[in-house]
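Colleague: After the sequence you'll find the predicted model.
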Amino acid sequence: MEYCENCGAKLEDKSRFCPKCGHALAVNADDGRFADKSRIAIVTLVIIIMTLALFIAVPIITDLTAGSQHVFVGTAEFKIPDYFEYDEKASNKTIDERITHKDWRHGDEHIEIAVSHFESGADIDKVLVNLGGYKEEKYNIRGHHYHFQDGEECFAYDAGGNRMISIIVSDAKLFDKIKVL
């Protein structure tokens, strides 16, 4: 037999409230009942965990699915903003049979990506240095950074397999929106 901790009255088995003073009673977990405070704490904890999970998951899912398009240039794959449209007229210019080149435009902005293939054993880093760029890690691309006279920016890097990739943009802020896959 148990007694009320508030007034000391005898309690009946499985009582939730004291029959004398009405005090809410703590309940033993082994008798199949739950205390109201425990139930509220559990529900609150579940809501907090679910809310945190949403705050973490939504930006990840959004970043992976919305606002981008996958594009291929030669043997390389990229993710660029989906509002850019492929410019067939400017793309695939034949500069050299070893270079695959594509352009995308949105108003005055443009993205140009070229994949150049070199002979086996070519020192692509040396080629990049000779072109006058300086090596740095900036934006989300690591490579040699170039500034062109007409305001364009370029990052070029050794992509392995005797390939050099050049990404040319009208505004350096676009580098943050391009992902090399």
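Modeller: Nice, I can see it.

Colleague: contacts, neighbours, all on C-alpha from now
Modeller: OK.

Colleague: contacting residues for residue 110?
Modeller: Contacts for residue 110 (C-alpha atoms under 8 Å, 6 or more residues apart in numbering) come out as 84, 103, 104, 169, 170.

Colleague: Show me which of these is closest to residue 161.
Modeller: residue 103 (23.0 Å; C-alpha to C-alpha).

Colleague: What helix or strand is that closest one located in?
Modeller: Secondary structure from DSSP states H and E places residue 103 in strand 99-106.

Colleague: before we move on, back to that, reformat the contacts of residue 110 as JSON lines; add neighbour count and pLDDT.
Modeller: What follows is those, written out as JSON lines (neighbours: other C-alpha atoms under 10 Å; pLDDT from 0 to 100):
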{"residue": "84", "neighbour count": "17", "pLDDT": "91"}
{"residue": "103", "neighbour count": "23", "pLDDT": "91"}
{"residue": "104", "neighbour count": "20", "pLDDT": "92"}
{"residue": "169", "neighbour count": "23", "pLDDT": "87"}
{"residue": "170", "neighbour count": "19", "pLDDT": "86"}
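
Colleague: for stretch 153-160, which positions count as buried?
Modeller: Neighbour-count burial for stretch 153-160, counted by 16 or more other C-alpha atoms under 10 Å, picks out 153, 154, 155, 156, 157, 158, 159.

Colleague: Quick one: those residues as TSV, columns for distance to residue 90, pLDDT and secondary structure too.
Modeller: Shown next, in TSV, are these (distance: C-alpha to C-alpha, whole Å; pLDDT from 0 to 100; DSSP: H, G, I helix; E, B strand; the rest coil):
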residue	distance to residue 90	pLDDT	secondary structure
153	18	77	strand
154	17	77	strand
155	19	75	strand
156	20	76	strand
157	22	73	strand
158	24	74	strand
159	23	77	strand
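
Colleague: Let me know the closest of those residues to residue 71.
Modeller: Distance to residue 71, by C-alpha to C-alpha, is smallest for residue 159 among the buried residues of stretch 153-160, at 16.3 Å.

Colleague: OK, contacts around the closest one?
Modeller: Here residue 159 is in contact with residue 165 (C-alpha under 8 Å, 6+ apart).

Colleague: Kindly report the same for residue 51.
Modeller: Residue 51 is in contact with no residue at all, counting by C-alpha under 8 Å, 6+ apart.

Colleague: Check residue 22 too.
Modeller: Counting by C-alpha under 8 Å, 6+ apart, residue 22 touches no other residue.

Colleague: Bridged to residue 76, which residues?
Modeller: Beta-bridge partners for residue 76, by DSSP bridges, are residue 73.

Colleague: Roughly how far does residue 174 sit from residue 153?
Modeller: 10 Å (C-alpha to C-alpha, to the nearest Å).

Colleague: Quick check: chain neighbours aside, which residue is closest to residue 17?
Modeller: Closest residue to residue 17 apart from its sequence neighbours, by C-alpha to C-alpha, 6 or more residues apart in numbering: residue 24 at 4.6 Å.
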